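Student: I would like the atomic coordinates for the input below:
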Amino acid sequence: MTHRSTPGRLAIIGCSLGGLLAALRFAERGWEVRLIEPDDALRLALWEGRLFEPALSLALHALWRYGCLSLSGQLNAGLEDCDVVFWWPDGPAIAGLARLERAIESIAPSLPARALFVVKAGVPLGAGAIVKDLLAREGRQDVRLAMSPEPPCRSTAVGETPADERVVVGVDQGHDALPLLELYGPIGRPVLVTSIDSAERLYQVSLSFWRTETAFAEAIADLCARAEAGLQDVRLEQPVG
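Tutor: Just a heads-up that it's a prediction; the model follows:
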């Protein structure tokens with residue numbers, strides 16, 4: 001593992017699988033990463049390696065020992081001096097507006113001035129405008145916003161997670177996306193910078209494809225079970241799509 005001088009500090013709020021895998025890759029490339037999980041039980045389970053696969057837990061603990069990754073339950077201390085703050089919760093593919101509002105109201109007062117706040121949760125169309133209104137209501141017009149909802153992770157293993165999947169970033173000003181280009185570029189993930197509205201729409205399209213793909217896989221598995229066949233016996237005569 002090669003480390004260099006810290007290029008910056010970032011925080012990830014929420015210990016979802018996608019957030020932890022991103023934290024692992026960012027920390028490996030020298031960023032100081034702070035994981036923030038307000039839930040005491042989840043934080044303890046993560047620390048004890050009871051949430052995800054052993055390889056991920058071992059890799060995270062190695063970075064904790066090295067000092068480039070930390071785990072906290074406090075927003076104020078955890079977000080201090082961070083250049084980028086991700087909200088990356090676990091849960092449904094689309095977070096409800098009520099959950100979104102509660103999260104922004106609790107996070108907004110602790111956000112550093114001029115920080116880039118990145119919403120990674122799946123959200124309904126129009127959520128970006130709602131987040132901007134909530135930040136303004138909290139007097140945080142100084143915070144920059146990026147909407148970058150990520151489709152459900154297709155993997156449960158560190159080695160299987162695709163590193164080259166496109167990251168969509170929706171911002172009001174193109175230069176606001178520069179920190180994310182610096183983050184994702186070294187790990188080989190191409191970044192598409194677009195408007196906030198377009199980022200939300202692209203997420204909805206990706207989610208529809210993912211649901212179709214999942215439904216197709218479940219139908220094939222059910223067919224195999226009925227025919228007492230294995231998936232290795234399935235052959236498509238023509239490509240799907």
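Student: Can you name every helix or strand that the longest helix anywhere in the chain contacts?
Tutor: Longest helix of the chain, by residue count under DSSP state H: helix 196-227. Helices and strands touching helix 196-227, by 3 or more Cβ pairs under 8 Å, 6 or more residues apart in numbering; DSSP states H and E, are helix 127-137, strand 144-147, strand 167-171. The C-beta positions use only the backbone N, C-alpha and C, and glycine is treated the same way.
Student: if you set the cut-off to 10 Å instead, what comes out?
Tutor: Counting contacts by 3 or more Cβ pairs under 10 Å, 6 or more residues apart in numbering; DSSP states H and E, helix 196-227 is packed against strand 116-119, helix 127-137, strand 144-147, strand 167-171, strand 191-194.
Student: Output the last one as PDB - backbone C-alpha positions only.
Tutor: The C-alpha atoms that make up strand 191-194 are tabulated as PDB, following Å, rounded to 0.1, in the frame of the first residue of the first chain:
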ATOM      1  CA  VAL A 191     -17.000  11.300 -13.500                       C
ATOM      2  CA  LEU A 192     -19.800  12.900 -15.500                       C
ATOM      3  CA  VAL A 193     -20.500  16.400 -14.400                       C
ATOM      4  CA  THR A 194     -24.000  17.700 -15.100                       C
END
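Student: hmm, who's touching it?
Tutor: With contact meaning Cβ atoms under 10 Å, 6 or more residues apart in numbering, strand 191-194 is reached by 146-148, 166-171, 174-178, 180-185, 198-202.
Student: Of the residues you listed, grab the buried ones for PyMOL.
Tutor: Remark: buried members of these, expressed as a PyMOL selection using 16 or more other Cβ atoms under 10 Å:
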select buried, resi 146+147+148+167+168+169+170+171+176+177+180+182+183+184+199+200+202
